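A.B. asks: need a structure here:
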Amino acid sequence: MTGITSSGSAIDRSVFTDANGKYSFTQLLPGTYNLSFEKPTNYEYTLSNVGTDDLDSDVGTDGIVSGIMVSSGIDLTGFDVGMITRSSIGNFVWEDVNGDGRQNAGEAGLSGIKVAIDGTDIFGTSYSDDVFTNNDGNYTLPIYYQERTDLLFLRQRILNFLHQIKVMTQVIQMRSMES
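C.D. replies: All right, here's what the predicted structure looks like:
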């Protein structure tokens with residue numbers, strides 16, 4: 001918290017939240033103050049001022065509530081901040097050798113498959129990203145603030161492989177008919 005007391009003295013104090021997320025600055029002299037909240041790793045500030053002051057987040061995307069007027073003998077509460085954690089989507093792309101839609105023993109992961117994501121965050125901002133599966137077929141896409149997300153597998157490599165299997169199966173069937 002930073003600010004200037006009504007007598008013109010500067011103040012710069014910090015506290016930590018308790019196990020329940022509560023905090024308090026006590027013994028403040030009348031004046032104008034700013035609160036700033038430190039954002040932990042993998043967290044973002046959520047939407048601000050979307051409900052009643054006792055239940056909504058009061059912090060903007062900068063993590064600051066500014067211009068808080070403190071009067072003598074008045075306890076102010078309700079300056080809260082909501083934070084959300086960043087998330088990810090991921091899993092595995094494999095070669096479905098028998099085409100049954102299930103990963104069976106011996107069906108290996110496919111490397112180099114492009115996986116793309118697009119969506120809209122809770123602030124209405126469009127989001128898109130892409131990654132390639134690793135050597136084992138695994139992938140992880142980070143998502144931030146996602147409200148609606150579409151996951152798109154760019155499957156050209158898989159489709160080409162399945163086409164090759166279909167052609168090989170037809171060749172084997174033709175050879176077996178010739179025998």
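
A.B. asks: residue ranges with poor pLDDT in this structure?
C.D. replies: Along the chain, segments meeting pLDDT under 70 span 54, 122-123, 144-179.

A.B. asks: strands along that one, start to end?
C.D. replies: Under the criterion DSSP state E, strands of the chain are mapped to 2-5, 10-12, 31-36, 43-45, 64-70, 83-85, 87-92, 114-121, 126-132, 138-143, 146-154.

A.B. asks: looking at those strands, which is closest to residue 100?
C.D. replies: Among the strands of the chain, the nearest to residue 100 by C-beta to C-beta is strand 87-92 (15.9 Å). The C-beta positions use only the backbone N, C-alpha and C, and glycine is treated the same way.

A.B. asks: helices or strands up against the closest one?
C.D. replies: Where contact means 3 or more C-beta pairs under 8 Å, 6 or more residues apart in numbering; DSSP states H and E, strand 87-92 is packed against strand 138-143, strand 146-154.

A.B. asks: what do you get if the cut-off is 10 Å, keeping everything else the same?
C.D. replies: Applying 3 or more C-beta pairs under 10 Å, 6 or more residues apart in numbering; DSSP states H and E, one finds that strand 87-92 contacts strand 114-121, strand 138-143, strand 146-154.

A.B. asks: with distance to residue 77 added, can I get the strands of the chain in a markdown table?
C.D. replies: Formatted as a markdown table, the strands of the chain follow (distance: least, C-beta to C-beta, whole Å):
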| stretch | distance to residue 77 |
| --- | --- |
| strand 2-5 | 17 |
| strand 10-12 | 19 |
| strand 31-36 | 12 |
| strand 43-45 | 20 |
| strand 64-70 | 11 |
| strand 83-85 | 19 |
| strand 87-92 | 31 |
| strand 114-121 | 30 |
| strand 126-132 | 35 |
| strand 138-143 | 34 |
| strand 146-154 | 30 |
